[in-house]
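In: pasting the sequence and the predicted coordinates here, then a few questions.
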Amino acid sequence: EVQLVESGGGLVQPGGSLRLSCAASGFTFSSYAMSWVRQAPGKGLERVSTINSGGGRTTYAAFVEGRFSISRDNAKNTLYLQMNSLKAEDTAVYYCAKGVTAWGLGYDYRGQGTQVTVSS
């Protein structure tokens, strides 16, 4: 059974930083691309960032480019999202999502999410 468990969310002031983690199990983590997606209040899901299976290729949505950094540790079956220079509009539930191939933007599972609130 695929399990994705996010952690690291919380309340942070504008300009602050957070690091999200996603612990994966139930599949061969190192074989699949992984993504972070988010859902802000009253809005649909939007892709934040994707990393390939080996960790050497990444892509970011324009609205986080230069502020967020995705990474993975295949030895620990863990995905990360370092978020810097946070803005109020980054407030959302953040989900990690399992890709369907070694590289690509599609996904077939996502976790329960972790809330990130950016507010003063």
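Out: Nice, I can see it.

In: please count neighbours and contacts with C-alpha atoms only from this point.
Out: Will do.

In: and the residue nearest to Gln3 when sequence neighbours are not counted, how many residues sit next to it?
Out: Excluding its sequence neighbours, the residue lying closest to Gln3 (Cα to Cα, 6 or more residues apart in numbering) is Ser25, at 5.2 Å. By other Cα atoms under 10 Å, 14 other residues sit near Ser25.

In: doesn't Ala75 make contact with Ser25?
Out: No. Using Cα atoms under 8 Å, Ser25 is not in contact with Ala75, being 12.0 Å away.

In: look at the residue nearest to the spatial centre of the chain and report its pLDDT.
Out: When Cα atoms, centre = their mean is applied to the chain, the residue found nearest the centroid is Trp36 (2.6 Å). Note on Trp36: pLDDT of 98.

In: Three-state assignment for it, please.
Out: Under DSSP: H, G, I helix; E, B strand; the rest coil, Trp36 falls in the strand class.

In: now it: closest residue in space, sequence neighbours ignored.
Out: Cys96 is the one closest to Trp36 (Cα to Cα, 6+ apart), at 4.5 Å.

In: now the strands for this structure?
Out: 3-7, 10-12, 18-25, 34-39, 45-51, 58-60, 68-73, 78-83, 92-99, 107-110, 114-118 (DSSP state E).
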